[in-house]
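Have a look; sequence and predicted model below, questions after that.
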Amino acid sequence: MSPTSLPGIPSEELLRSGSDNERPDSPFLSFLVDQLTKVEEQNEWLKSKVLQLEKEQEEYYLDGQKRMEIGFRNVAKCVDEVGAMREVFKEIVGIMSGERVRFVYPCNENVTNEEVQRVSSSTLLSNNSRRERQERRQQYEADYMALNGDSSIKTEEPVDDLGGIHNEGDYEDGGGDDSDSGHGIEYRRSINYKINRAIQSVHDVAREYFEGLPGRPSLLSLERRYGSTWRRSSKERTLFAKRMCIINKINDVRKNPVHYGLPDSINRYMAIKVVENIRLGNNNFQGHHCRLSLSQLYTYFSKKMDQLEDYSLSLKIRGEPRRIYLMREREARLERIGEEEENPDDVSIEASGE
């Protein structure tokens, strides 16, 4: 505020007083002007602060509304899942207590259509089973493609003084990349490795362990580099233990062939063939020469059900899956029960004769 705008004081007199001699109240006027200037500056600062607080309050309100919307959606989802779980537990309790049947069909006289609709409307189990089937199918397809991919022919690895078998590139870094990012990618890929579930033969078990499937590291190299850290999940540890039971049998047959009645000049490929022949039929699993799965072969070796005559370089008999023998035994048992029901007199005569 200039001195010319002060009320009650003419501008000419102020100029004359400023030019000739200073007025007695000029310090007071200067002080007043300074105070007015400071008040205006404080008003501007307060106005800016008020605008800033309004903006922050608006943002906080919008953020709170967004969080509440997300929370309401989560609550609604939780309510639906809890309702579905209540239905599942109700069905489980009913099955355990005998009040409900396990498989509900509309044709059952004891079940109404409303109950069928209520049971079938539960989405928890259906969604979980659908997701699990999809994940298993994707994993199996990836394993099948990796198992049947193109692979280069590898010679048998040399044996060192400690009896270990070295693969070419076991101690090399992945792809010759010396960068930190390359090592990090290789490490993450190794520790996240999943054992192939599509494998069904001993040859492929040995190939995955000693050589590695196309585009994937061998299990032997993972064990040497990372120990047991790459087997993080319980499923991988369990499956690896079962596969190692078969691998240990291959190594034992190779190192001690005379103990199994085999030629002394046996190599690893021949040892794999011997164990594969046991899987295909050179066994006496549960009293039959069965074609075993890898899980059944693990049971056969872990429970020491194998015999010396099982080990041979030639396949003596090609077995059939165990389910075939079980189905035949069941059919024979049903036929025998049917004959006994048709001829009860013959059964009583035989019993009395005995």
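Arrived safely, thanks for sending.

Low-confidence stretches in the stretch 201-350 of the chain?
Applying pLDDT under 70 to the stretch 201-350 of the chain flags residues 344-350.

all helices for this protein, in order.
11-20, 26-97, 113-120, 124-147, 180-191, 202-206, 219-226, 234-255, 268-280, 294-302, 322-342, 344-353 (DSSP state H).

now these as TSV including mean neighbour count and distance to Asp310?
Where C-beta positions appear, they are placed from N, C-alpha and C, glycine not excepted. Below are those laid out as TSV (neighbours: other C-beta atoms under 10 Å; distance: least, C-beta to C-beta, whole Å):
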stretch	mean neighbour count	distance to Asp310
helix 11-20	12	124
helix 26-97	11	44
helix 113-120	12	50
helix 124-147	13	27
helix 180-191	13	36
helix 202-206	21	13
helix 219-226	18	25
helix 234-255	16	11
helix 268-280	21	5
helix 294-302	18	9
helix 322-342	11	16
helix 344-353	9	39
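
Of these, which is nearest Ser312?
helix 268-280 (6.1 Å; C-beta to C-beta).

Quick check: the closest residue in space to Pro214 that isn't next to it in sequence vs Ser30, distance?
Residue nearest to Pro214 in three dimensions, not counting chain neighbours: Gly149, with 3.8 Å by C-beta to C-beta, 6 or more residues apart in numbering. Counting by C-beta to C-beta, to the nearest Å, the separation of Gly149 from Ser30 is 92 Å.

try Asn251
Taken as C-beta to C-beta, the span from Asn251 to Ser30 is 103 Å.

related to what we said a few turns ago, just so I know, which of the helices of the chain lies nearest Glu309?
In terms of C-beta to C-beta, the element of these nearest to Glu309 is helix 268-280, at 10.5 Å.

for the closest one, packing partners?
helix 202-206, helix 234-255, helix 294-302 (3 or more C-beta pairs under 8 Å, 6 or more residues apart in numbering; DSSP states H and E).

Tabulate those helices (CSV), appending distance to Glu135.
Output for the helices and strands packed on helix 268-280, formatted as CSV (distance: least, C-beta to C-beta, whole Å):
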stretch, distance to Glu135
helix 202-206, 22
helix 234-255, 12
helix 294-302, 20
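
can you tell which of those helices is closest to Glu132?
Comparison of these against Glu132 by C-beta to C-beta identifies helix 234-255 as nearest, at 12.9 Å.

now for the closest one, which elements pack on it?
Checking 3+ C-beta pairs under 8 Å, 6+ apart, helix 234-255 ends up next to helix 202-206, helix 268-280, helix 294-302.

Need the contact partners of it.
Taking contacts as C-beta atoms under 8 Å, 6 or more residues apart in numbering, the residues outside helix 234-255 that touch it are 194-195, 197, 202, 205-206, 208-209, 219, 228, 231, 260, 262, 266-268, 270-272, 274-275, 294-295, 297-298, 301-302, 311.

Tell me how many other residues surround the residue nearest to Pro214.
The number of residues packed near Gly149 is 11, by other C-beta atoms under 10 Å.

Contacts only, for it.
Leu213, Pro214, Gly215.

pLDDT weak spots in the stretch 1-150 of the chain?
Checking the stretch 1-150 of the chain against pLDDT under 70 turns up 1-23, 95, 97-126, 150.

Show residues contacting stretch 315-334.
So stretch 315-334 is in contact with 277, 280-283, 285-286, 288-293, 296, going by C-beta under 8 Å, 6+ apart.

6 Å instead?
Stretch 315-334 is contacted by residues Asn277, Leu280, Gly281, Asn282, His288, His289, Cys290, Arg291 when judged by C-beta atoms under 6 Å, 6 or more residues apart in numbering.

Rebuild these as a markdown table, extending it with distance to Gly71.
Below are the contacts of stretch 315-334 laid out as a markdown table (distance: C-beta to C-beta, whole Å):
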| residue | distance to Gly71 |
| --- | --- |
| Asn277 | 63 |
| Leu280 | 60 |
| Gly281 | 62 |
| Asn282 | 64 |
| His288 | 61 |
| His289 | 63 |
| Cys290 | 57 |
| Arg291 | 57 |
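
Among those residues, which pair sits farthest apart?
Largest pairwise distance in these, by C-beta to C-beta, is 15.9 Å, between Asn277 and His288.

Now distance to Tyr144 too, for the helices and strands packed on helix 234-255, in JSON lines please.
Compiled in JSON lines, those are given as follows (distance: least, C-beta to C-beta, whole Å):
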{"stretch": "helix 202-206", "distance to Tyr144": "11"}
{"stretch": "helix 268-280", "distance to Tyr144": "20"}
{"stretch": "helix 294-302", "distance to Tyr144": "15"}
